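S.K.: Using only what follows, build the 3D model:
(chains A and B)
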Amino acid sequence: MRPAGVAARWALLAPMVLLSAAPIAWMAIAALRPGDQPLAAGSPWWPDQPTLANVVGLFGDPQFSRWVSNTALVTAGTLLIGLVTSLLAGYALAYLDVPYSRSLVLVFFATYLLPQAVLFIPLLRMVSRLHLLNSPAALVLTYPSMVIPFGTWVVWSFFRRLPPDLVDSARADGAGVYATIVHVLLPVVWPALATVGLYAVAVVLNDYLYTTTFIQEPSGQTITGALGALITADIDNPGRSFAAALLAAAPLAVVCAFFADAFARGLSTGIIEQ
Amino acid sequence: MERAEARPQVVLPLRTPRRRPSRRNLLIAGALLAPAAVLSLGLIAYAIGLEAWFSVSDAGPGTNGTFVGLANFQYLAGLDTFWQTVENTGIYSGASTAVKLALGLGMALALARPFPGRRLVYALLFLPFIFPVVLGTIAWFFLLSNVNGGLDWLLIRAHLMAQPFEWTGRLPMVSVVAVNVWHGTALFAVLLLAALRSIPRDLMDAAAVDGAGRLRRFVHIVVPFLRPAALLAVVLSLLGNFGDYAIVELLTRGGPLGRSQVVSTFAFENALISGYIGVGAAVALVMVPVYVAALAVAYRLLGRE
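M.R.: As a prediction, the model looks like this:
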């Protein structure tokens, strides 16, 4: 590439990288702030005596462990329900000659696009009727409704691109539904499931509306809901909240580092190469 | 199944011919589809039904209320804050999407060819997207704060400003759009990058050999290849942003004085804080026409291939 092209590329990329990373860097640095040193003391960008006390302190904090275990529970439930139901539905739609299967897939796709803000008011009523208010179970019940439409559609479109002989020959050998799914399809469908799984984790960690609507007591809250509520309480020194936020974001970052490519590919093949 | 084999094969062997399913197969298919259908379509259909009822009722906390016709919608139609909310939501959604498309396109083009450090740059640009939006917004809340905020401190140090500026108070819409763009640009870049990679090299090379310059190749080859991906990213973003809640709620709470109020925060306020569930449901239903329009565009896009 010509030097002018290289210069143009970095003129574009350098500020973008800086702006992308700065807020997270700011969060990471403020997390190193000692508890008795508010943002007002010295530079808000660099504490006088950086310390890991905030991070270490979180591990013994019963409230924080509560939020983490709530989040883990909700994530595990959403993942399990989302993956299993999407796999089964995607299989049925792709291989079992369901009448109007294409229209059904379109219905699932349409549901995936529905903004969650349309539904939170009636869902709150449903959750309270089921006596699930303030319980993480309310989220395990409602988050899959956001994951399954996307998941079914991704799994279905993945199956549709597989060579049909794969399943046909397994069936000719006498494999039933269970054997076909578990022994023939599961070993090849994992990139699609990884995409759906990442999406499910993202649904849990990005939601603020359902979690704050259905759960009003801090003890039942997920980590994102709880930290959002702390925002004004921590105005002088957000170090502890920041440390907690970074710890909460870390699992997703690690998973993404491994699966980012698979995710991007799954997402773009799902959407573009329909 | 057996019937299909008896039929003469006229279709290309790439696709299995459509078979008439046996009753047993239909039962199995139904059983496999049921959990997904009940937990997503069933739950959503139930919620939409209840929402529609709420919007024509005087429902309050704990009561389903009585039928009041279109009173809730009439009330909203006469309410200035409602129209401001709709306008804000449109601006928020439109401006965020436009900026993300422009920046995402730049990002994708700059990342298209390999260069030293590309992997690291890609990871750093992708970071805001995988960082949970609630947590990212919390970081921005403190960055933009006029009390010891990180941005003010930098600008004052650089002598660009004499005293702290109240970003979220004075420029609430700009602030929420900025955070949205920060979070969502990477998704545009990823989708556009995937489309860029699908351009056959031969095509570009052949065009270059035929004497087409950079600009002509961009306009006549790159743009047509990018269009479906770009359009779909735009539709997804417009729709997603129209129902956005977390960024606005955490950064400005819809304020000051409703200047950054959007549909979801307004519905939340009416239904859950003031207790007018009917009015809140009517506000939330405002998203439905936008949703239907976006759906029509998305279907046309998917159906064309």
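S.K.: Spatially central residue for chain A, please.
M.R.: When Cα atoms, centre = their mean is applied to chain A, the residue found nearest the centroid is A:Ala202 (1.2 Å).
S.K.: from what I can see B:Ala29 touches A:Ala89, true?
M.R.: No: between B:Ala29 and A:Ala89 there is no contact under Cβ atoms under 8 Å: 9.5 Å. (Each C-beta comes from the backbone N, C-alpha and C, glycine too.)
S.K.: neighbour-wise, which of the two wins?
M.R.: Taking other Cβ atoms under 10 Å in any protein chain shown, B:Ala29 and A:Ala89 do not tie; A:Ala89 has more neighbours (30 against 23).
S.K.: If we ignore the residues flanking it in sequence, what's nearest that one?
M.R.: B:Ala36 (3.6 Å; Cβ to Cβ, 6 or more residues apart in numbering or on different chains).
S.K.: If you tally nearby residues, what's the number for the nearest residue to A:Gln63 once chain neighbours are set aside?
M.R.: Leaving out its chain neighbours, the residue that sits closest to A:Gln63 by Cβ to Cβ, 6+ apart is A:Pro218, at 7.0 Å. A count of neighbours around A:Pro218, defined by other Cβ under 10 Å, yields 14.
S.K.: in terms of contact, does B:Phe165 touch B:Trp153 like I think?
M.R.: No: the criterion here is Cβ under 8 Å, and B:Phe165 misses it with B:Trp153 at 11.3 Å.
S.K.: Number of residues surrounding the residue in the stretch 1-150 of chain A positioned nearest to chain B?
M.R.: Distances between the stretch 1-150 of chain A and chain B by Cβ to the nearest Cβ are smallest at A:Pro115, namely 2.6 Å. Residues near A:Pro115, counting by other Cβ under 10 Å, number 23.
S.K.: Find the nearest non-adjacent residue to it, please.
M.R.: B:Gly243 (2.6 Å).
S.K.: So which bits of the strand or helix carrying B:Val223 are buried?
M.R.: In this assignment (DSSP states H and E), B:Val223 forms part of helix B:223-242. Across helix B:223-242, burial judged by 16 or more other Cβ atoms under 10 Å in any protein chain shown covers B:225-226, B:228-230, B:232-242.
S.K.: so which of these also contact chain A?
M.R.: The subset of those within reach of chain A, by Cβ under 8 Å from any Cβ of the partner chain, is B:228-229, B:232, B:236, B:239-240, B:242.
S.K.: thinking again about what came up before, contacting residues for the residue of the stretch 1-150 of chain A closest to chain B?
M.R.: B:239-240, B:242-243, B:264, B:287, B:291 (Cβ atoms under 8 Å, 6 or more residues apart in numbering or on different chains).
S.K.: Any chance of the backbone angles for it?
M.R.: phi -70, psi 140 (degrees, to the nearest 10).
S.K.: next helix or strand past the one helix or strand B:Ala95 maps to?
M.R.: Here B:Ala95 sits within helix B:80-111, counting by DSSP H and E. Using DSSP H and E, the next helix or strand after helix B:80-111 towards the C-terminus is helix B:118-130.
S.K.: relative to helix B:118-130, how tilted is the next helix or strand after that following helix?
M.R.: Later in the chain than helix B:118-130, the nearest helix or strand by DSSP H and E is helix B:133-144. Going by axes from the mean of the first three to the mean of the last three Cα atoms, to 10 degrees, helix B:133-144 is angled at 100 degrees with respect to helix B:118-130.
S.K.: which strands and helices sit next to the helix or strand following helix B:133-144?
M.R.: Next in sequence after helix B:133-144, counting helices and strands by DSSP H and E, comes helix B:150-157. In terms of contacts (3 or more Cβ pairs under 8 Å, 6 or more residues apart in numbering or on different chains; DSSP states H and E), helix B:150-157 is packed against helix B:133-144.
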